[in-house]
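Visitor: Take a look and give me a structure for this.
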Amino acid sequence: MNDIEAIHDIEALKQLKARYCRLLDAKDWAAWRGLFTDDFASDTRESGGRKIDGADEFIAFVRDALGKPKQVTVHQVHAPELELTSPTTARGIWALEDFVRLAPGLSMHGYGHYHETYEKRGGQWRIRSSTLTRLREDIVTPFFSVYISDWLRQKIIKAAARRAAA
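Guide: Numbering: from 1, shown residues only. All right, here's what the predicted structure looks like:
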């Protein structure tokens, strides 16, 4: 691969992630699905979520969690660290800042990183895997903001697991 091709591929990966954020926040699920390989894997366990295998399963999960038309989400990524590992594979880390309206007057403002792999198929880059790690999450209301520490997050996860098992 020559330098010009490498620069083109790096730019294509940046455009892919920009579309990821825009289409997710616009709730354009059909277009968003086109950004992932069929065998896409999502892992949010480290940030309190779960592992999901398969792009269709992932889209359905996110649509269920964030898909209400009036539920505002804002995802912004910054400072990409992208590495081409072959002519058709790459990996990257993106700094993330996100905002999710949970209910009227109640929102989550988070910070973390996406750790991803990519695959080029048919001349198009797609996201093959994504692991979300969190640095911080704040629950925000018009009156106060509460930092969700790792200790508190683990307590919430355990309580939710007990409730789900009951």
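Visitor: for this protein, what spans make up the strands?
Guide: Secondary structure of the chain by DSSP state E: the strands cover 36-43, 51-53, 73-86, 89-103, 106-121, 124-140, 145-147.
Visitor: pLDDT weak spots in this protein?
Guide: For the chain, residues meeting the criterion pLDDT under 70 lie at 1, 144-147, 160-161, 164, 166.
Visitor: By residue count, which helix of it is the longest?
Guide: helix 3-26 (DSSP state H).
Visitor: Can I get it as PDB, trimmed to CA atoms?
Guide: Output of helix 3-26 as PDB, limited to C-alpha atoms (Å, rounded to 0.1, in the frame of the first residue of the first chain):
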ATOM      1  CA  ASP A   3       1.200   6.600   1.200                       C
ATOM      2  CA  ILE A   4      -1.600   8.100  -0.900                       C
ATOM      3  CA  GLU A   5      -3.800   4.900  -0.500                       C
ATOM      4  CA  ALA A   6      -3.000   4.900   3.200                       C
ATOM      5  CA  ILE A   7      -4.100   8.600   3.600                       C
ATOM      6  CA  HIS A   8      -7.300   7.800   1.600                       C
ATOM      7  CA  ASP A   9      -8.100   4.900   3.800                       C
ATOM      8  CA  ILE A  10      -7.400   6.800   7.100                       C
ATOM      9  CA  GLU A  11      -9.700   9.600   5.800                       C
ATOM     10  CA  ALA A  12     -12.400   7.000   4.900                       C
ATOM     11  CA  LEU A  13     -12.300   5.600   8.400                       C
ATOM     12  CA  LYS A  14     -12.700   9.100   9.900                       C
ATOM     13  CA  GLN A  15     -15.700   9.600   7.600                       C
ATOM     14  CA  LEU A  16     -17.100   6.300   8.700                       C
ATOM     15  CA  LYS A  17     -17.000   7.200  12.300                       C
ATOM     16  CA  ALA A  18     -18.500  10.700  11.600                       C
ATOM     17  CA  ARG A  19     -21.500   9.000   9.900                       C
ATOM     18  CA  TYR A  20     -21.700   6.600  12.900                       C
ATOM     19  CA  CYS A  21     -22.300   9.500  15.200                       C
ATOM     20  CA  ARG A  22     -24.600  11.500  12.900                       C
ATOM     21  CA  LEU A  23     -26.800   8.500  11.900                       C
ATOM     22  CA  LEU A  24     -27.100   7.300  15.400                       C
ATOM     23  CA  ASP A  25     -28.200  10.600  16.700                       C
ATOM     24  CA  ALA A  26     -30.600  11.100  13.800                       C
END
